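J.: how would this look folded up:
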Amino acid sequence: MFAVIETGGKQYRVQAGDVIEVERLAREEGKSVRFERVLLVTGDGVNEVGNPTVAGAVVSASPVAETRGPKIRVFKKKRRKGYRRTAGHRQDLLRLKIDDIQLPSPAARREDER
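T.: Numbers count the residues shown, from 1 in each chain. Down below sits the predicted model:
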């Protein structure tokens, strides 16, 4: 079973056991992370496409490490003016291990459709 989640303006295809890197999230130290913005869930006879999200679906993940992305160099120049500026950026990242993909019970899904 896999799901498509959205966080930090990006979408990630995940399944249980995957390790992904997302933009650093505001969270309490040592707590697991829950993604409630699940766009799609499929597998094990279940095919749920959200409109825009799957109601009641939750993906839980546990933090592995806080890291930083690669250094990006930004160079600005205006020709014939002697203007040059160099800047850099490193994105703060959070490495997560996907623990579980949870769907609401079929009875709860039928009530949401009404």
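J.: does the residue sitting furthest away from the middle of the chain count as helix, strand or coil?
T.: Distance from the centre of the chain peaks at Arg80, with 43.9 Å (C-alpha atoms, centre = their mean). Three-state assignment for Arg80 (DSSP: H, G, I helix; E, B strand; the rest coil): coil.
J.: How many residues are close by Thr67?
T.: Thr67 has 13 neighbours, counted by other C-beta atoms under 10 Å. C-beta: built from backbone N, CA, C; applies to glycine.
J.: so what's the backbone phi/psi at it?
T.: phi -130, psi -180 (degrees, to the nearest 10).
J.: Could you report the pLDDT at it?
T.: At Thr67, the pLDDT value in this model is 95.
J.: Can you tell me the closest non-neighbouring residue to it?
T.: Sequence neighbours aside, Leu93 is the residue nearest to Thr67 in space, at 4.9 Å (criterion: C-beta to C-beta, 6 or more residues apart in numbering).
J.: is it true that that neighbour lies in a helix?
T.: No. Using three-state DSSP, the assignment for Leu93 is strand, not a helix.
J.: who does it bridge with?
T.: Taking DSSP bridges, one finds Glu23, Thr67 as the beta-bridge partners of Leu93.
J.: Please apply the same query to Val33.
T.: Ala61.
J.: where's it relative to Thr53, distance?
T.: Computed as C-beta to C-beta, to the nearest Å, the Val33 to Thr53 distance reads 17 Å.
J.: I am finished for the moment; much appreciated.
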